[in-house]
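[1] build me a model from this:
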Amino acid sequence: MSPAPTPAPPVRPVSVVGIGADGWAGLSDAARAVLRDAEVLIGGARQLDLLPAECAGTRVSWPSPLRPAVPRLLAEHRQRRIAVLASGDPMFYGIGRALAEELGTEEPGTARPGMEQPGTEGPGAGGLRVVPHPSSVSYACARLGWPLEDTEVVTLVGRPAARLAAALHDGRRLLVLSADAGTPATVAALLASHGFGPSRMRVLEQLGGEREGQVEGIAESWEHPPGDRLNLIAVECRAAADGLRLGTVPGLPDEAYEHDGQLTKRHVRAATLGALAPAPGELLWDVGGGSGSIAVEWMRAHPSCRAVSVERDPVRAERIARNAERLGVPGLEVVTGPAPEALAGLPTPDAVFIGGGSTAPGLLDACWDALRPGGRLVANTVTLESEALLGERHRAHGGELVRLAVAHAVPVGGFTGWRQAMPVTQWSVRKPSPLSGSGDLS
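    Below is the predicted model:
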């Protein structure tokens, strides 16, 4: 079967208007003008109910799931003036992102919403026009007296609560966007289970509206029943005295991971992540995942970093998923199967780490071929056989070949001596782009 044709975009600009819990009364004149003029009003049922009768356009509630319905609904009403309602700022975890992906935005210099004559298309026709409103985060920071630039925001709307774990640091202030009335209890339980039970929580409900209110308490003793579904949670992180400290840089304590011995140890892990050099939005292949520590810390480097961990052992693969959830990166994709066969069909990586199985026939070649130009490959080994292979690849492709040796002080009778861990040979290289012609990392 041939793919379904792409729905035609609207012929008029689509306006997206932010609206808060204060409803119509809190809107600007420009926003009101757009909503009065719209022939079709699309939004959630709660948002549509905030509009007065003078907004006479046809009202259409978003179906569930929402994202797949966006192009269809826009195409269905493409000949009419469409206004989409969003909670607060449409471009802050709102529907504005999906609309911008479908339509693009109006060109600079086009008329602002509410400034053009109703019924005219204007030079930005066919694009997206955004009329923002203060977000719940702006309201929350105003109520709490928290500087917005110093406050981290984590959304749990349509996302697993486990991702909050990556943001937990003693003394940090967090604003958590709730999925529903049950989210505060979920957050309290997660804080307590991750060693942040003493954290103070405040649940801010109906921010900006007539029914605005808040409740507060301590995470480990949270007993408040579910309140209003429209809420945001302010967390002042306080670590328990006996909690395991997890920093923001690579090299988490080995105790942070569940493992069976197949773990890239802390100091080698830090050096490995340094060579891989994660950057926002990049994708890592972690081949021979073991406990998943490299992929986990790659993803913890930035919320937009992505990773696929490939592990042939099903028991270890399940363990990788548990480690990822526990350490706040539940989006880590785990592929169970032997490499290189299991690499087929995976998206092109920006970086590849080979932590095991370098001697598998075709593995090094498959990883090198799959890597995008300019991407990085890092391979670690402790065996002479794999070391010989890495030496050959170093001669062929350049890069850097190093030996990492770590010793730990241990008791020797009544004294202290060094116990040497197995040395790790590491090859790191950047795949040349068509213009560079070199694989050297220097």
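[2] tell me which residues touch residue 133, please.
    17, 18, 19, 20, 26, 27, 31, 88, 89 (Cβ atoms under 8 Å, 6 or more residues apart in numbering). (Each C-beta comes from the backbone N, C-alpha and C, glycine too.)
[3] please enumerate the helices of this structure.
    Assigned by DSSP state H, the chain shows helices spanning 29-37, 45-48, 69-76, 95-103, 136-144, 183-193, 266-276, 293-300, 314-326, 363-370, 384-397.
[4] follow-up on the earlier one: which of the contacts of residue 133 has the most neighbours?
    residue 17 (28 neighbours; other Cβ atoms under 10 Å).
[5] want to throw the contacts of residue 133 into JSON lines with distance to residue 144 and pLDDT?
    Compiled in JSON lines, the contacts of residue 133 are given as follows (distance: Cβ to Cβ, whole Å; pLDDT from 0 to 100):
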{"residue": "17", "distance to residue 144": "27", "pLDDT": "97"}
{"residue": "18", "distance to residue 144": "21", "pLDDT": "96"}
{"residue": "19", "distance to residue 144": "22", "pLDDT": "96"}
{"residue": "20", "distance to residue 144": "17", "pLDDT": "93"}
{"residue": "26", "distance to residue 144": "20", "pLDDT": "93"}
{"residue": "27", "distance to residue 144": "24", "pLDDT": "95"}
{"residue": "31", "distance to residue 144": "26", "pLDDT": "96"}
{"residue": "88", "distance to residue 144": "16", "pLDDT": "92"}
{"residue": "89", "distance to residue 144": "18", "pLDDT": "94"}
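[6] now, these that are in strands?
    17, 18, 19 (DSSP state E).
[7] closest to residue 398 out of these?
    Proximity of these to residue 398, judged by Cβ to Cβ, is greatest for residue 18, which lies at 52.2 Å.
[8] so what sits opposite the closest one in the bridge?
    residue 86 (DSSP bridges).
[9] would you check how far apart it and residue 406 are?
    Counting by Cβ to Cβ, to the nearest Å, the gap from residue 18 to residue 406 is 53 Å.
[10] go on, residue 302?
    On the measure of Cβ to Cβ, residue 302 and residue 406 end up 27 Å apart.
[11] neighbour count for these two, which is higher?
    It is residue 406, of residue 302 and residue 406, that has more neighbours when counted by other Cβ under 10 Å, with 16 against 13.
[12] wait, the more buried one sits on residue 421?
    Yes. Here residue 406 reaches residue 421: they are 4.9 Å apart, a contact under Cβ atoms under 8 Å.
[13] what's the overlap in contacts for those two?
    Taking Cβ under 8 Å, 6+ apart as the criterion, residue 406 and residue 421 both touch residue 265.
[14] residues near residue 243, how many?
    Close neighbours of residue 243, defined as other Cβ under 10 Å, add up to 15.
[15] contacts only, for the residue lying closest to it once chain neighbours are set aside.
    Closest residue to residue 243 apart from its sequence neighbours, by Cβ to Cβ, 6 or more residues apart in numbering: residue 195 at 2.9 Å. Residues counted as contacts of residue 195 (Cβ under 8 Å, 6+ apart) are 239, 240, 242, 243, 244.
[16] go on, residue 206?
    21, 212, 213, 228, 230, 231.
[17] swap in 6 Å and give it another go.
    Contacts here follow Cβ atoms under 6 Å, 6 or more residues apart in numbering; on that basis residue 206 touches 21, 212, 228, 230.
[18] next one: the residue lying closest to residue 11 once chain neighbours are set aside from residue 70, what distance?
    Of all residues not flanking residue 11 in the chain, residue 78 sits nearest, at 5.7 Å (Cβ to Cβ, 6+ apart). Distance, residue 78 to residue 70, using Cβ to Cβ: 13 Å.
[19] what is the burial count for residue 151?
    For residue 151, the number of neighbouring residues by other Cβ under 10 Å comes to 16.
[20] tell me how far it lies from residue 351.
    Residue 151 is 31 Å from residue 351, by Cβ to Cβ.
[21] about what we covered before: buried subset of the contacts of residue 195?
    239, 240 (16 or more other Cβ atoms under 10 Å).
[22] redo the contacts of residue 195 as JSON lines? Include pLDDT and distance to residue 259.
    Listed next are those as JSON lines, based on pLDDT from 0 to 100; distance: Cβ to Cβ, whole Å:
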{"residue": "239", "pLDDT": "97", "distance to residue 259": "23"}
{"residue": "240", "pLDDT": "97", "distance to residue 259": "23"}
{"residue": "242", "pLDDT": "91", "distance to residue 259": "21"}
{"residue": "243", "pLDDT": "89", "distance to residue 259": "20"}
{"residue": "244", "pLDDT": "92", "distance to residue 259": "15"}
